[in-house]
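>>> The amino acid sequence is not available; the structure is as follows:
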């Protein structure tokens with residue numbers, strides 16, 4: 001049941017900002033939105049528009065700590081969640097985590113080995129094992145960093161980040177697709193010639 005709750009919460013976190021943007025009265029039809037370049041879509045004349053939404057470090061894990069389903073993680077829920085998470089990670093019941101146990105846990109709980117916090121954030125003394133204190137400290141740091149209003153409660157809205165990439169090229173709707181392809185071909189040719 002907890003796993004289903006986690007999946008539904010993660011899906012809700014991803015979907016809510018887009019639903020809010022779709023009904024946002026501030027977004028007018030004539031506003032120019034940046035587009036996310038995608039060569040396959042560009043060849044077909046399609047584009048991905050709008051802001052990028054990401055779930056902050058530890059977001060999926062912290063969402064699973066919300067026991068009363070109020071879309072907030074209190075200090076009590078956080079402390080309880082840390083205990084549960086450490087027990088789940090400590091497969092050999094040694095009261096410390098090997099780096100193998102930590103990686104397995106990070107992949108399962110954070111969704112990826114690339115997700116923050118990384119192994120070095122946990123193993124502060126570099127002794128190839130993670131104590132409960134180190135585990136709590138690493139995740140406590142992420143919790144505090146995510147608590148934008150510093151009220152000691154991590155709201156789900158604080159876990160979601162919506163942003164625009166400032167250097168992302170904007171593809172104009174009026175631009176002729178043939179001209180865009182020709183321009184890209186000229187750039188490729190110049191690059192090959194060393195310009």
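The structure has been received and is ready for your questions. Fair warning: this is a prediction, and the values are worked out from it, not measured in the lab.

>>> Only the buried residues of the helix or strand where residue 140 lies, if you could.
For residue 140, the host element (DSSP states H and E) is helix 132-146. Residues of helix 132-146 classed as buried: 134-136, 138-139, 142-143, 146 (neighbour count, 16 or more other CB atoms under 10 Å). C-beta here means a position set from N, CA and C on the backbone, and glycine is covered the same way.

>>> Which residue in these has the weakest pLDDT?
The lowest pLDDT within the buried residues of helix 132-146 belongs to residue 146, with 85.

>>> is it true that that residue touches residue 153?
No: Residue 146 is not in contact with residue 153 according to CB atoms under 8 Å; the separation is 10.6 Å.

>>> re earlier: what's next to the helix holding residue 140, contact-wise?
For helix 132-146, contacts defined as CB atoms under 8 Å, 6 or more residues apart in numbering pick out 56-59, 61-62, 73, 78, 82, 85-86, 89, 95-97, 116-117, 121-125, 154, 158-159.

>>> Sort out which of these are buried, if you could.
Neighbour-count burial (16+ other CB under 10 Å) applied to the contacts of helix 132-146 gives 56-59, 61-62, 73, 78, 82, 85-86, 89, 96-97, 117, 121-123, 154, 158-159.

>>> so residue 60 is in which element?
helix 59-64.

>>> What is that helix packed up against?
Applying 3 or more CB pairs under 8 Å, 6 or more residues apart in numbering; DSSP states H and E, one finds that helix 59-64 makes contact with helix 2-22, helix 75-89, helix 99-110, helix 132-146, helix 156-159.

>>> May I see the buried residues of stretch 96-105?
Neighbour counts over stretch 96-105 (16+ other CB under 10 Å) mark 96-98, 101-102, 104-105 as buried.

>>> same deal with stretch 103-114?
104-106, 109-110.

>>> same deal with stretch 69-85?
Neighbour-count burial for stretch 69-85 flags 71-74, 77-78, 81-82, 85 (criterion: 16+ other CB under 10 Å).

>>> quick revisit: list the helices and strands the next helix or strand after the helix holding residue 60 packs on?
On the C-terminal side of helix 59-64, the nearest following helix or strand under DSSP H and E is strand 72-73. Strand 72-73 sits against strand 154-155, with contacts defined as 3+ CB pairs under 8 Å, 6+ apart.

>>> For the strand it packs on, give the mean pLDDT please.
Mean pLDDT, computed over strand 154-155, is 89.

>>> Looks like residue 117 contacts residue 61 (just checking).
No: using CB under 8 Å, residue 117 makes no contact with residue 61, being 10.2 Å away.

>>> could you redo the buried residues of stretch 69-85 as a markdown table and give each row distance to residue 51 and pLDDT?
Listed next are the buried residues of stretch 69-85 as a markdown table, based on distance: CB to CB, whole Å; pLDDT from 0 to 100:
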| residue | distance to residue 51 | pLDDT |
| --- | --- | --- |
| 71 | 21 | 91 |
| 72 | 24 | 91 |
| 73 | 25 | 93 |
| 74 | 29 | 93 |
| 77 | 29 | 94 |
| 78 | 29 | 94 |
| 81 | 29 | 94 |
| 82 | 32 | 94 |
| 85 | 31 | 94 |
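
>>> Fine by me, thanks again.
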